[in-house]
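Asker: Sequence first, then the predicted structure:
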Amino acid sequence: MDIHLNRGLPGGMPMLPPQLPTLLLVLGGGALFLGLLLFLNEWLLRWLVAGLFCAVGALLVLVGLRAKRMLG
């Protein structure tokens, strides 16, 4: 009887990619910088939220146009 205790992973636990610490440091530093900018400039939050809504709206319009073209 063959029992697999590693739940299907061939080598046990997967290895972490070597770039992960650098990526986390860069993303964390960018998030801290953006947070400090938002503390200093309240209008920046308004522009970021407005830009996010414009990006989501544009994506929905593009998906709708693609779906319309696919259906007829």
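Answerer: Nice, thanks for sending it over.
Asker: tell me the phi and psi of Thr19?
Answerer: For residue 19 the amino acid is Gln, not Thr. phi -90, psi -10 (degrees, to the nearest 10).
Asker: Could you name the specific helix or strand carrying Thr22?
Answerer: Assessed by DSSP states H and E, Thr22 sits inside helix 20-40.
Asker: Show the subsequent helix or strand relative to that helix.
Answerer: Counting by DSSP H and E, what follows helix 20-40 is helix 42-71.
Asker: Distance check, Cys54 against Pro21.
Answerer: 34 Å (C-beta to C-beta, to the nearest Å). To be clear about C-beta, it is placed using only N, CA and C from the backbone, and glycine gets the same treatment.
Asker: Report the central residue of the protein.
Answerer: Nearest to the geometric centre of the chain sits Leu27, at 10.9 Å (C-alpha atoms, centre = their mean).
Asker: Check whether Leu16 sits in a helix, strand or coil.
Answerer: coil (DSSP: H, G, I helix; E, B strand; the rest coil).
Asker: how close does it sit to Thr22?
Answerer: Counting by C-beta to C-beta, the gap from Leu16 to Thr22 is 12 Å.
Asker: likewise Leu45?
Answerer: For Leu45, the distance to Thr22 - C-beta to C-beta - is 28 Å.
Asker: same deal with Lys68?
Answerer: 43 Å.
Asker: what sits up against stretch 40-55?
Answerer: Outside stretch 40-55, the residues within contact range by C-beta atoms under 8 Å, 6 or more residues apart in numbering are 37-38.
Asker: switch to 10 Å and redo it
Answerer: With contacts defined as C-beta atoms under 10 Å, 6 or more residues apart in numbering, stretch 40-55 is touched by 34, 37-39.
Asker: any idea of the mean pLDDT in it?
Answerer: Computed over stretch 40-55, the mean pLDDT rounds to 94.
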